[in-house]
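> just the structure for this:
(chains A and B)
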There are 2 protein chains.
Amino acid sequence: MEESTLLSKKVSRRNILKTAGAGSVGMLIGATGIGGLLSLSDTKITKGETMKDKIPFYGKHQAGIATEAQHHIYFASLNLTVDNRKELIQLFRDWTEASAAMTEGKAVGDHAGNPFLPPKDTGEAAGLAASNLTITFGVGPGLFEKDGNDRFGLRNKKPKELKELPKFPLDSLEEKWSGGDICIQACADDLQVAFHAVRNLVRIARGKAVMHWTQSGFQRTKQADTKKETPRNLFGFKDGTVNPNTNNGKEMDQQVWVQSGDGPGWLAGGTYMVVRRIQMFIEVWDRTALREQENTFGRHRDSGAPIGQKNEFDSPDYNKKDANGQLAIPIDSHMRLANGDGSQQILRRAYSYADGMDPETGSFDAGLLFICFQRNPEKQFIPMQHRLAKMDKLNEYTVHKGSAIFACLPGTKKGGYIGETLF
Amino acid sequence: MEESTLLSKKVSRRNILKTAGAGSVGMLIGATGIGGLLSLSDTKITKGETMKDKIPFYGKHQAGIATEAQHHIYFASLNLTVDNRKELIQLFRDWTEASAAMTEGKAVGDHAGNPFLPPKDTGEAAGLAASNLTITFGVGPGLFEKDGNDRFGLRNKKPKELKELPKFPLDSLEEKWSGGDICIQACADDLQVAFHAVRNLVRIARGKAVMHWTQSGFQRTKQADTKKETPRNLFGFKDGTVNPNTNNGKEMDQQVWVQSGDGPGWLAGGTYMVVRRIQMFIEVWDRTALREQENTFGRHRDSGAPIGQKNEFDSPDYNKKDANGQLAIPIDSHMRLANGDGSQQILRRAYSYADGMDPETGSFDAGLLFICFQRNPEKQFIPMQHRLAKMDKLNEYTVHKGSAIFACLPGTKKGGYIGETLF
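Residues are numbered from 1 along each chain as shown, chains lettered A, B, ... in the order given. Prediction:
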C-alpha cells in the first residue's frame, strides 16, 4: 500500500476504530496522526476530517445534553446574589465568552498579562487538552421568583413545568444537596479540566452569585468507540440502557428538546434537567446474593441483558414466567417500574460519585448523581419516579438525598450569549 | 513500505510517540495495534514488546512509589479492629491476592459464581482496562502499639522513625483527616478503577478493619509520554519539579528505599510515606497579583522556570538579585525554603483534590493531597517542613488539615504476601 493512497482516504477516529475492530490487515497513519490519536488533540489527519477532543460550545442546543457522556463531571448549583437585571445579563455574557474559550482548550482572558494584577485564568488547565469539555447552563425556579419577589422582572416568563419536584415517598432530601437558582454542568474526559471550568465560572460570578452545592462524578471509561456499552453503576450493573437515540433528531424533539409550542418561547431548543443525588448503600448491596441483585434490577449483572435474554440491548419480555410461574422480570424490579407502560422516556446522563466516608456510619458515601433531560418533567420524570418511589426493590439500597430542577437554556451562536432568549 | 517490515520492527508505545513527535513520514500498525493503542490494553503489537496499561504488582518494591503518577488516586486510611496476629496475616494474604488480580484488570474471585451468594467482586470495574492500577500498602505506628498495647506482638519491630509527625507551626490538623493503622493508596488512570480497588479491599477487611478517612485526587493528564512536565497544582503552578530520578537506582536507594542497615530488616526495600491534606484557599490566591504569586513559589507561572530562568528544569540561581538589589528568588519563597541547603530530597507524588464546597465558608474545599516518600523522614521531610512551616510565603494561602505517616512495606514475589517480612 502506498502512503499517499491511505492518507487521502477519509479517516476519522471512529472509522479507524471500526476498521481496527473488524480486524483488517493494517492501516497507515501519518506521524502526526498517531500523535493526535493518542493525545486526542485536534490534529488534522486528512482533508475534511479532524480527530477531535473539542465539542463546539455554540449551536442550536447547548452541548453536554445530547453529547455522549465524558468520563467526569463537575456540577455546581449557584444562588444569585445580584438583584439587577443588567448585571445578570452581563454575567451570562461573561460566562458565555469564558465557556466558549475553555471548551476550545483556551484560557479565560489573557493567560499571563499584567504582573501587578491577578491572572484572569486560574491556570491549572494550562497545557491540558480541551478533553471534550462541555459546559451546560440551567436556570432554576428561583431565577423567576424568590420568596414572592419578581427579582429580575422574569416572573411572567416562568414555565409552569419549572417548579420544585414533588416530595416522593422515601425522599430524604437535604437542603445542602438541593435546589439552586442556576446550575453549571461541566463534563470532560479530564477531571482537572472540568474542575477548572467550574472554578473559573464561579470566580467570574464573584459578587453576583455564590455556590450552593457542588458534586463531582465519574463514569466508566469507554474502551473504544466501536463497542458502545452502558456504563456500570456502583452496584456493578448497567443501568440506563433504554435512552432516546441522541442521533435521531425526531426522537430528540419528541422526548428531550422543548418545542416552540410547548410554553414560553424562550425555552424552545432547551430542555428540563432533573438532578438527584442518590446515595447507594454499597456495603449492604455487596452482602446481597447475585440472584437477588439481578431481580432487583430486572437484569443480569454480567451481560446487562434483561432477565431471560442474552445481550444488553435485547428487548425485555415482561410477560415471561420462570420455572415457578413467577414473572421472570419481577413486578417490583427497577427496570419494569422505570419502563411502566413504555410511554415515558428520559435522556439519562448520570455519573457515579464517591465522596469518601460517610462520617455518620463509617460506610462509603457513594452513589449516583442522577441527571436526566426531558421535554416535560410532568409527563416524563415525575410519573416515572412516582412509580419507582412507591415500590422499586432498589429502594432498599438507596436514598435520595438531593433534588433539583433546572430549565437548560437553548444554545446560542457566536456573538450571542446563553440566556439571551430570556431577556 | 511493506507491512511485514514495519510489523517486525520493535515498536513500543513510547517509541511510536517519539517517532510521531519527530514528524516521521508514516507508520504502519496492525489493526489490533490501533485498537490497543487507543484502549491502551495489553495487546501485543510485535514480538517481545507489549503496549501496556498494566503495572506489575509483584516486585522488589511495591508499585505506586517509583511509578510515574497516574491520573487519579483513591487513598484510604484504615484502623484495625482485629486483635489477632493470625487473622491480620490472613488479611494481608487476602489483600495481596486481590490486589494482584485487580492490577491485572481481573475481578476479585469468581466474577459471577453462585447466584445464591453475593458476588465476590463488586463488579463496577468489569470490562474496564487495568488502567495502570497500582495498589500500595503502608502501616502506621498504631500497628505496632496502640494505647500502650502490643496488639500483634510487633512492638519490638517498630522503627524509631515510624512515629506521628511533630506538630509544625500553623498546623490545623483534624482527627478526621489524620493518622491510621494501615493505608491503601490506589492510583490509576481511571477513577472508577481506583475506587473499585479500595472498595473491594475494604470489603475484604470487613470485621478486621474499618475506614478512618479517605481522599480522592487527580493530577493533570499527561499529554504525551514524550513531553514530561510537572503537573500544575490548583494554584496553577508547577510544584514538585525537583524530585529524585526514579530511573536511577542509586539515587532511589540513597533517597527513597530503606536500606538493610537502616533499622529493622523487615522494612528494607520499603519506604516512609508522609501524607498531608493541605487545603488551599484558591479564591484568595486568585485575587493575588501574578508577581506576588510568582514570588511566593519562586517560579514563573507559565513556564514553571525558577525566577530569572527560562525553562522548568533550569537550575535556580539563588544568589541572583533583581534590579532593586533584592534576591530574585525571595528568601521566604516556597522553592528556596523547600530546597534549603539542597541536602534533603523527597520523592513527591501529590494529587490535587476538589471536595466541593467548604460548608463553613462557602468557598471551595480544594487543595493538595501531598504525598512524599523517603528513606528517613527525620532527615528528609521533617526538617524541610519545619523550614516551610516557619516562614513559607505560601502559608498565607494554605492550611494543613490532615497528617499521617506510614511505613510502606517492601514488595513481594508471587506466592508471597505484602507484609510477610514483618511476621
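
> list phi and psi for the closest residue to A:Pro115 other than its chain neighbours.
Nearest residue to A:Pro115, sequence neighbours excluded (C-beta to C-beta, 6 or more residues apart in numbering or on different chains): B:Arg291, at 3.9 Å. The way it works is simple: take the backbone N, C-alpha and C, and place the C-beta from them, glycine included. With angles defined as degrees, to the nearest 10, B:Arg291 sits at phi -60, psi -40.

> likewise for A:Asp147?
According to degrees, to the nearest 10, A:Asp147 has phi 50, psi 40.

> tell me how far it lies from A:Thr81.
Counting by C-beta to C-beta, to the nearest Å, the gap from A:Asp147 to A:Thr81 is 14 Å.

> now the common contact residues for the two.
Among the neighbours of A:Asp147, none is also in contact with A:Thr81 (C-beta atoms under 8 Å, 6 or more residues apart in numbering or on different chains).

> which of these two has more neighbours?
For A:Asp147 and A:Thr81, the more surrounded residue by other C-beta atoms under 10 Å in any protein chain shown is A:Thr81, and the numbers stand at 12 against 6.

> three-state assignment of the residue of the stretch 51-200 of chain A found nearest chain B?
Among all residues of the stretch 51-200 of chain A, A:Gly123 sits closest to chain B, at 2.3 Å; criterion: C-beta to the nearest C-beta. Going by DSSP: H, G, I helix; E, B strand; the rest coil, the secondary structure assigned to A:Gly123 is coil.

> that one - how many residues pack around it?
27.

> tell me who's in contact with the nearest residue to it once chain neighbours are set aside.
In space, and not counting its chain neighbours, A:Gly123 is closest to B:Gly236: 2.3 Å by C-beta to C-beta, 6+ apart. Contact analysis of B:Gly236 by C-beta under 8 Å, 6+ apart lists A:Pro119, A:Asp121, A:Thr122, A:Gly123, A:Glu124, A:Ala126, B:Gln293, B:Arg301.

> out of those residues, grab the one that's most surrounded.
A:Gly123 (27 neighbours).

> against A:Pro141, how distant is the most centrally placed residue in chain A?
Central residue of chain A (C-alpha atoms, centre = their mean): A:Arg349, 4.1 Å from the mean position. With the distance defined as C-beta to C-beta, A:Arg349 ends up 21 Å from A:Pro141.

> hmm, the residue nearest to the centre of chain A is touching A:Phe370, no?
No - A:Arg349 is beyond contact range of A:Phe370, at 9.1 Å (criterion: C-beta atoms under 8 Å).

> let me know how buried A:Pro169 is, in neighbour terms.
Neighbours around A:Pro169, by other C-beta under 10 Å: 11.

> that one contacts A:Ala389, doesn't it?
Yes - the pair A:Pro169 and A:Ala389 qualifies as a contact (C-beta under 8 Å) at a distance of 4.5 Å.

> tell me how far A:Pro306 lies from A:Arg348.
Per C-beta to C-beta, A:Pro306 is found 17 Å from A:Arg348.

> kindly report the same for A:Met335.
Counting by C-beta to C-beta - A:Met335 and A:Arg348 are separated by 13 Å.

> now the common contact residues for these two.
Going by C-beta under 8 Å, 6+ apart, no residue sits against A:Met335 while also sitting against A:Arg348.

> tell me where the stretch 51-200 of chain A has helices.
A:85-103, A:191-204 (DSSP state H, counting those that start in this stretch).

> out of those, which is closest to B:Ser315?
With C-beta to C-beta, the closest approach to B:Ser315 among these belongs to helix A:191-204: 28.5 Å.

> anything in the closest one near chain B?
Yes - applying C-beta under 8 Å from any C-beta of the partner chain, one finds helix A:191-204 touching chain B at A:Leu191, A:Gln192, A:Val193, A:Phe195, A:Arg199, A:Val202, A:Arg203.

> next helix or strand past that helix?
Under the assignment DSSP states H and E, the closest C-terminal helix or strand after helix A:191-204 is strand A:209-218.

> check which element follows that next one along the chain.
Following strand A:209-218 toward the C-terminus (DSSP H and E): helix A:249-255.

> quick one: list the elements packing against that next one.
Applying 3 or more C-beta pairs under 8 Å, 6 or more residues apart in numbering or on different chains; DSSP states H and E, we find helix A:249-255 packed against no helix or strand.

> mind listing what's buried in that helix?
A:Met252, A:Gln255 (16 or more other C-beta atoms under 10 Å in any protein chain shown).

> figure out how far it is from the centre of its chain.
18 Å (C-alpha atoms, centre = their mean, to the nearest Å).

> can you name the next helix or strand after that helix?
Note on helix A:249-255: by DSSP H and E, the next helix or strand toward the C-terminus is strand A:271-280.

> does A:Ser99 really touch A:Ala197, like I thought?
Yes - using C-beta under 8 Å, A:Ser99 makes contact with A:Ala197 at a distance of 7.3 Å.

> now do the shared contacts for those two.
Going by C-beta under 8 Å, 6+ apart, residues that sit against A:Ser99 and also against A:Ala197 are A:Ile135.

> could I get the pLDDT score of A:Lys158?
According to the prediction, A:Lys158 has pLDDT 97.

> count of neighbours near it?
By the other C-beta under 10 Å criterion, the neighbourhood of A:Lys158 contains 18 residues.

> quick check: it vs A:Leu267, distance?
Separation of A:Lys158 from A:Leu267 (C-beta to C-beta): 10 Å.

> strands of chain A, start to end?
Assigned by DSSP state E, chain A shows strands spanning A:27-29, A:44-46, A:49-50, A:72-80, A:134-139, A:182-188, A:209-218, A:271-280, A:347-348, A:351-357, A:364-374, A:398-408.

> circling back to that earlier point, touching, the residue of the stretch 51-200 of chain A closest to chain B and B:Arg232? I think so.
Yes - contact between A:Gly123 and B:Arg232 holds when scored by C-beta under 8 Å: they sit 6.5 Å apart.

> A:Arg276: what's it in contact with?
A:Leu368, A:Leu369, A:Phe370, A:Ile371, A:His400, A:Gly402, A:Ser403.

> burial of the last one, as a residue count?
Counted with other C-beta under 10 Å, residues neighbouring A:Ser403 total 23.

> again with the second one
Applying the criterion other C-beta under 10 Å, we find 23 residues in the vicinity of A:Leu369.

> from one end of stretch A:129-149 to the other, what's the distance?
Stretch A:129-149 has an end-to-end distance of 43 Å (C-alpha to C-alpha, to the nearest Å).

> mind showing which ranges of the stretch 301-423 of chain A have poor pLDDT?
Applying pLDDT under 70 to the stretch 301-423 of chain A flags no residue at all.
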